[in-house]
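J.: What shape does this take:
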Amino acid sequence: MSTLDMVQEREKELQPLYDRMDLVAKQIATGDPNSMYQMMRLDIPSKPVDHVVNIKLNLAASYCENLKILMTGAISQCVVEGYKNNRPLNDKEKAKIEDFVSIQYDIIDDILVNSGEDPFMSWAADQMIKRGGVCGYQMASIEDGIYIPEFVKWDRRYAAYEYDRNKIAWGSFRWLRKPSSLKRHYPDAEIREKDVLNGLVNGFTFVDDKVEEIWVNDHLVSSKPHMFKETPVIIQRCYSGSTFQDSDHIANQGESAIFLNLDLYDEKNRAASIEATLAMKAIHPAYQKTRKDGGAASEGTNGQAGPAYPDKAGAVTEVYEGEEYQLLQVADLKQSAMMAKQDIDRALQLGGQDVDVGNTSDMSMVAIAKTEEIRNKALNPGLAAIAVFKQKHARLMINQYLALLGAKLKVPAELGVPGRKKTFSKSDFDCDFSIRFNYQSKSKEMDIANLALFISTEGKLPDKVRYETILQAENPGEWMALMDSQKAEQIDPIIGIQRRGLALCDEAEELEGDAKDAKLIESMVLCERQVAIIMSRKNPQAQLEPEQAKQAGNGAGNILPKMLGGNSGASQTANAEKVAS
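T.: Numbering: from 1, shown residues only. Now for the predicted structure:
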C-alpha cells in the first residue's frame, strides 16, 4: 500500500472523530456567520423557524477560554529519577537532565514567539481543551553550527496516525500553504499549476521511523530520510470520555472540555432566542386586521399575500372575516419554560460550566475547597495528558540530541537562549533514568485555606500527614527535613551562620573579580562572628545578649553592620587584602 492510500484510508476511519471536533469548534466559534445558532423546526428539522431572533450565547467559548487561562498558569514540575553505576542519581545529576529539558522548551518557545505563534503551553492548553488532545512533530537539526530543536505544532483535527504495539508507526498532518512558503522549505518540490487553488496548495506531511515525505494533493514532492530511527511524532489524547469499544468508539477518543455540555448549549441558545423573540414582539407587536370584501388579504402595505404564520414582529396581517387565527392555549407555559431553564442551567453547572468561581469574596474554607474540587474536575484530565505528552516529548528530544552527538556533528558546546545557556555532553545522559511532569493548578484562595488548616493542626496530626494531605507536598520528607533544619537554626544561631557562610563560599566559586571577593569577605565576616559567639560562651562575662544572638541567626544582612563596626579599619583592610591575594 502506498503512503497516499495508507493516509487516506486512516483519515476515513478517523472521520467520526473529525466530525465531532467540527461540532465542538462550531459551538466555540464566535463572530463567524457560518457558526451562528439558528432555531430549526421540530416537524422539519432541516428547515429553520421563520421570524425568530436567533441568539448564540458565548457559554462554550468563555468556558474554554477560562480553562485555557487556568491551565496555562498551572505550575509545572519536571521530576527525574534513576540510577547510575548501581546507585541512585544525586541531585546534581538529576538537575543536569532537568535543565536540558527546560532549556529545550525555552528554545522552542523562543522560536515559536519569534515566528508570531503562541508559546508551547498556551497552544497545548488550547488544543487539549478544544480538540481533546495534543499532536506535534519534532525534528532536531544542526544548521550553520546552531542547534535547532524544530518543533512543529499539529492540529489534532488534521492529524492521522497509527500505532505499532507500544509506539507510533507513522503520523501525518494535512495543511494549506502558500507555494512560496512550501518552496522555501523544500526547494526541490515540484508544484503543478493545477495544485494551486485560491493561491494555496493542499497537501500533507508524512513521517515514520525512516523518512519524511511531503505530498501535494496526490503526488510526492519531497522525500528525505532521517537518522533518528523512531517516528518523531508525539500524540497524546485527553483522559476524558468513554472507554467503550463500540463500532463508533473512535468519535469518543479524547473528548474536549465541553463534551458533558455539548448537547445543552443549543438548548440554552433556543431558550435565549425565544426570550429575545418575545421581547422584540413586545416592542414591535404583530396585529391582525379583518376585512369583509372579497379582495386578497395582504401583509402590511407590501401587497403580498398573508403569511401562513402571521406572528412576525411588526407585521399587520389582513384576514377574511370568519377566518381569524386562533391560538391554542397551553397550560402553565411560563412556569414550564422557567423550570426547563433552571434544569438546563443546573445541568451546565454539573458539567463544569462554573469552573472559575474562586473570585467570590469572604468564602469559608469549605466553600473554597468546593471551588477547588470544581476547578480540578475540569482541569486535571487535560493537565495529566499534557504532562504525559511532555514526558514523551522530553524523551524524544534527548534521543535526538544523543543521535546528533553520535553522528559526530558539530553540536554547539552551549545550548539555550540568551542569558541562560549551559553545556551538555553524552555522559550527562549515560544512566538509567525516567522523566515525568507534574502539573498543579494553583489558586491563592486554596493556598491560604490550606496554610490556615496546616497551622491549626500543628500538634494534633502527625507532621507527615499534614505535609502530604494538607500542603500536598511532592516530597514531604524533604519538607520536614527543611523544617527541622530551620528549627535547629532558631534554637542555635551558630548553625544558621555556619550554613550561610558555606553557601557564600559556594556562590563565590561561580563569580569572578570584585563580585567574587565581596562574597568571600561576607563569608569571612560570618566565620568571625561564629567564632566570636563560641568564644563568648566560654567566657560567661562576655555572653551575648539574647537579642544579639537572635539577630545573629537572621543572616548576614543583620550581622554585617555590627561586625564592620566592631572591627578596626586595619583589621578589615588586612582581611580584604588577604582574600584578594
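J.: From here on, just use CA atoms for contacts and neighbour counts.
T.: Will do.
J.: mind checking the longest helix of the protein?
T.: The helix that spans the most residues within the chain, counting by DSSP state H, is helix 365-406.
J.: So which elements touch the helix or strand that it is followed by?
T.: Heading C-terminal from helix 365-406, the first helix or strand you meet, by DSSP states H and E, is strand 414-417. Counting contacts by 3 or more Cα pairs under 8 Å, 6 or more residues apart in numbering; DSSP states H and E, strand 414-417 packs against helix 91-114, strand 420-423.
J.: quick one: which of those is nearest Glu414?
T.: Of all the helices and strands packed on strand 414-417, strand 420-423 sits nearest to Glu414, with 4.4 Å by Cα to Cα.
J.: Not counting that closest one itself, show me its contacts.
T.: For strand 420-423, the external contacting residues (Cα atoms under 8 Å, 6 or more residues apart in numbering) are Ile103, Ala413, Glu414, Leu415, Gly416.
J.: Cys431 versus the third one, what's the distance?
T.: This means Glu414. Here Glu414 is placed at a distance of 21 Å from Cys431 (Cα to Cα, to the nearest Å).
J.: repeat for the first one
T.: Distance, Ile103 to Cys431, by Cα to Cα: 20 Å.
J.: Those two: who's more crowded?
T.: Per other Cα atoms under 10 Å, whichever of Ile103 and Cys431 has more neighbours is Ile103, with 18 against 15.
J.: Could you pull up the residues touching that one?
T.: Leu415, Gly416, Val417, Arg420, Lys421.
J.: how deep is the second one tucked in, by neighbour count?
T.: If I follow you right, that is Gly416. Neighbourhood size, Gly416 [other Cα under 10 Å]: 20.
J.: Check the first one too.
T.: A count of nearby residues for Leu415, using other Cα under 10 Å, gives 19.
J.: May I have the beta-bridge partners of it?
T.: Counting by DSSP bridges, Leu415 is bridged to Lys422.
J.: coming back round to it: redo the helices and strands packed on strand 414-417 as JSON lines? Include distance to Ile168 and mean pLDDT.
T.: JSON lines is the format used below for the helices and strands packed on strand 414-417 (distance: least, Cα to Cα, whole Å; pLDDT from 0 to 100):
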{"stretch": "helix 91-114", "distance to Ile168": "22", "mean pLDDT": "92"}
{"stretch": "strand 420-423", "distance to Ile168": "31", "mean pLDDT": "86"}
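J.: right, and these - which one's nearest Gln400?
T.: Nearest to Gln400, of all the helices and strands packed on strand 414-417, is helix 91-114, at 11.7 Å by Cα to Cα.
J.: What pLDDT is listed against Tyr309?
T.: For Tyr309, the pLDDT comes out at 62.
J.: next one: the one 5 residues further on
T.: Model confidence at Gly314, given as pLDDT, is 70.
J.: Ok, the one 3 residues further on next?
T.: You'll see Thr317 listed with a pLDDT of 75.
J.: Could you check how far the residue nearest to Lys341 when sequence neighbours are not counted is from Gln38?
T.: In this structure, Lys341 finds its nearest non-sequential neighbour in Ala271, 7.2 Å apart by Cα to Cα, 6 or more residues apart in numbering. For Ala271, the distance to Gln38 (Cα to Cα) stands at 12 Å.
J.: same question, Val211
T.: As judged by Cα to Cα, Val211 and Gln38 stand 47 Å apart.
J.: Also Lys464?
T.: According to Cα to Cα, Lys464 stands 58 Å off from Gln38.
J.: For those two, work out which one has more neighbours and name it.
T.: Per other Cα under 10 Å, whichever of Lys464 and Gln38 has more neighbours is Gln38, with 19 against 14.
J.: show me where the stretch 201-350 of the chain has helices.
T.: Secondary structure of the stretch 201-350 of the chain (DSSP state H, counting those that start in this stretch): helices at 265-283, 333-350.
J.: Let me see the contact set for the nearest residue to Tyr18 once chain neighbours are set aside.
T.: Nearest residue to Tyr18 in three dimensions, chain neighbours excluded: Arg157, at 5.7 Å (Cα to Cα, 6+ apart). Going by Cα under 8 Å, 6+ apart, Arg157 touches Tyr18, Met21, Arg131.
J.: Most neighbours of all these, which one?
T.: Most crowded among the contacts of Arg157, counting by other Cα under 10 Å, is Arg131 at 25 neighbours.
J.: Quick check: that one touching Glu255?
T.: Yes. Between Arg131 and Glu255 there is a contact at 7.3 Å, judged by Cα atoms under 8 Å.
J.: give me the low-pLDDT residue ranges for the stretch 1-150 of the chain?
T.: For the stretch 1-150 of the chain, no stretch is flagged by pLDDT under 70.
J.: Could you check how far Glu11 is from Asp447?
T.: Glu11 is 46 Å from Asp447, where distance means Cα to Cα.
J.: burial count for Gly203?
T.: Neighbour tally, Gly203, other Cα under 10 Å: 20.
J.: what residues are up against it?
T.: Per Cα under 8 Å, 6+ apart, neighbours of Gly203: Arg174, Trp175, Leu176, Ile214, Trp215, Val216, Asn217.
J.: Need the pLDDT of the third one.
T.: What the model reports as pLDDT for Leu176 is 93.
J.: How about the secondary structure of it?
T.: Judged by DSSP: H, G, I helix; E, B strand; the rest coil, the three-state class of Leu176 is strand.
J.: Please look at it and Asn198 and confirm they touch.
T.: No. The pair Leu176 / Asn198 is not scored as a contact, 10.6 Å apart, by Cα under 8 Å.
J.: Compare those two and say which one has the larger neighbour count.
T.: The neighbour count for Leu176 versus Asn198, taken as other Cα under 10 Å, is higher for Leu176 (14 against 7).
J.: contacting residues for that one?
T.: Contact analysis of Leu176 by Cα under 8 Å, 6+ apart lists Leu200, Val201, Asn202, Gly203.
J.: Which of the residues you listed fall in strands?
T.: If you go by DSSP state E, the contacts of Leu176 have Leu200, Val201, Asn202, Gly203 in strands.
J.: ok, so of those residues, who is nearest Asp345?
T.: Asn202 (42.8 Å).
J.: Distance of the closest residue in space to that closest one that isn't next to it in sequence relative to Leu504?
T.: Leaving aside its sequence neighbours, Asn202 sits nearest to Leu176 (Cα to Cα, 6+ apart; 4.8 Å). Distance from Leu176 to Leu504, counting by Cα to Cα: 57 Å.
J.: re earlier: with Ala282 as the reference, name the closest of the helices and strands packed on strand 414-417.
T.: helix 91-114 (51.6 Å).
J.: Would you indicate which residues of the closest one are buried?
T.: By neighbour count on 16 or more other Cα atoms under 10 Å, the buried set for helix 91-114 is 93-94, 96-101, 103-112.
J.: Also stretch 5-25?
T.: When burial is assessed from 16+ other Cα under 10 Å, stretch 5-25 yields the following buried residues: Val7, Glu11, Leu14, Pro16, Leu17, Tyr18, Arg20, Met21, Val24, Ala25.
J.: Check whether the second one really touches Gly171, as I assumed.
T.: Right, Glu11. No. Counting by Cα under 8 Å, Glu11 sits too far from Gly171 to count as a contact (11.1 Å).
J.: Need the overlap of contacts for the two.
T.: Joint contacts of Glu11 and Gly171 (Cα under 8 Å, 6+ apart) are Ala160.
J.: pLDDT averaged over stretch 430-445 - what is it?
T.: Mean predicted confidence for stretch 430-445 is 84.
J.: same check, this time on stretch 448-466
T.: Mean predicted lDDT for stretch 448-466 stands at 79.
J.: Check stretch 181-197 too.
T.: Average pLDDT, stretch 181-197: 88.
J.: Need the distance between the two termini of that stretch.
T.: For stretch 181-197, the end-to-end distance is 15 Å (Cα to Cα).
J.: buried set for it?
T.: Under 16+ other Cα under 10 Å, the buried positions of stretch 181-197 are Leu182, Ala189, Glu190, Ile191, Asp195, Val196.
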